[in-house]
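> curious how this folds, go ahead:
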Amino acid sequence: MPMDNRDTESREVTRPDGTTIRYTVSGPADGPAMTLIHGWGCDRRDFDAIIGFLPGHHRVLAVDLAEHGDSRSTRDVWTITEFARDVAAVLEAESVSSSVVVGHSLGGAVAVETARLLPAVVTRVVAVEALHYLSLFPAQDEPEAEALLRLFREDFAGAMRGMVEGGSPAGTDPALIDAYTKKMAAVRQPAGLHSLEGLLRWDMDAALREVAQPIVVFAVRSLITQEAADRYGGRLRIELVDLGSHHFHAESPEATAGLLAGQMSD
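Numbers count the residues shown, from 1 in each chain. The predicted structure is shown next:
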């Protein structure tokens, strides 16, 4: 059972270029803050179950990135840095002076960029199934990026299913695969495709050189490669988990909440 029945308030902050970022806040204003950032094609509701298992004295902010969930934008810039500015605007609006920032998948990249933008505010980055996919996170060569983008331009739903299935180890509930494929394939366009393009062109290595805060990655044991561990193990603290698929936070919310709560006190 969840640790507490949190009262959650929905709020919004306005940014340039017709952008309204919507988010939720729960917990005491003076509590230690945790900021949650969803993955590509998802939204803040992915964290609803997890939030219920977090200690009641934590202040928890869950953000919908632009054109995801309830947030809206007519902007033309869909870089990881611009998504990080969405998050930074929320932290500023809430007068957050210190926060652990948690990001799932694409949200992990956004969390790193938020740490780069706000070095005095972000104390730690926690990446949930993020940063270790070498075909997505380090800046891709132009031919590689174009090859992947072409798949999505030609058959977005089919390419999305392939991506979800690729992050689903043997034994993953087919209903979960179907649900996430349907949800992510429905991401609003052109923002959905542009967001993927922004991720493929994000210079993760440059960002890691500039971010001094500790970064912890919770990676599904059967999905991380030795190549990724060798490449980033010296910079990222990689913790292997056996809690499900790429979306294990949805499959194992109580255990995931325990992992995240542990990062508030380390």
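> show residues contacting the one helix or strand residue 193 maps to.
Counting by DSSP states H and E, the element that carries residue 193 is helix 191-200. With contacts defined as C-beta atoms under 8 Å, 6 or more residues apart in numbering, helix 191-200 is touched by 40-41, 65-68, 73, 78-80, 82-83, 106, 109, 136-137, 139-140, 144-145, 148-149, 152-153, 156, 187. Every C-beta, even on glycine, is put in place using the N, C-alpha and C of the backbone.
> pull out the buried positions in it.
Within helix 191-200, the residues that qualify as buried are 191-192, 194-200, counting by 16 or more other C-beta atoms under 10 Å.
> in a helix, residue 34, correct?
No - if the criterion is DSSP: H, G, I helix; E, B strand; the rest coil, then residue 34 is strand and not within a helix.
> before we move on, the earlier item: can you add pLDDT and distance to residue 124 and give the buried residues of helix 191-200 back as TSV?
What follows is the buried residues of helix 191-200, written out as TSV (pLDDT from 0 to 100; distance: C-beta to C-beta, whole Å):
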residue	pLDDT	distance to residue 124
191	94	29
192	94	29
194	96	29
195	96	24
196	96	27
197	96	28
198	96	24
199	96	22
200	96	26
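> from the residues you listed, pick the one nearest residue 13.
Nearest to residue 13, judged by C-beta to C-beta, of the buried residues of helix 191-200 is residue 191 at 18.0 Å.
> gap between that closest one and residue 71?
Residue 191 sits 10 Å away from residue 71, going by C-beta to C-beta, to the nearest Å.
> now the helices for the stretch 51-200 of the chain?
80-93, 106-117, 142-154, 156-166, 174-185, 191-200 (DSSP state H, counting those that start in this stretch).
> now the closest residue to residue 67 other than its chain neighbours: how far from residue 64?
Nearest residue to residue 67, sequence neighbours excluded (C-beta to C-beta, 6 or more residues apart in numbering): residue 191, at 3.6 Å. Computed as C-beta to C-beta, the residue 191 to residue 64 distance reads 12 Å.
> cool, and residue 46?
From residue 46 to residue 64 the distance is 10 Å (C-beta to C-beta).
> surely residue 21 is in a strand?
Yes - judged by three-state DSSP, residue 21 forms part of a strand.
> okay, and the beta partners of it?
Note on residue 21: beta-bridge partners by DSSP bridges are residue 13.
> hmm, it is touching residue 67, no?
No - judged on C-beta atoms under 8 Å, residue 21 makes no contact with residue 67 at a distance of 10.2 Å.
> and these two? Which one has more around it.
Set side by side, residue 21 and residue 67 show more neighbours around residue 21, with 26 against 20, by other C-beta atoms under 10 Å.
> with adjacent residues omitted, what lies nearest to the spatially most central residue of the chain?
With distances taken as C-alpha atoms, centre = their mean, the residue of the chain nearest its centroid is residue 107 (2.1 Å). Nearest residue to residue 107, sequence neighbours excluded (C-beta to C-beta, 6+ apart): residue 37, at 3.5 Å.
> now swap in residue 134 and tell me
In space, residue 134 is closest to residue 228, 5.4 Å off (C-beta to C-beta, 6+ apart).
> that neighbour belongs to a helix?
Yes - the assignment for residue 228 is a helix, going by three-state DSSP.
> many thanks, have a good one.
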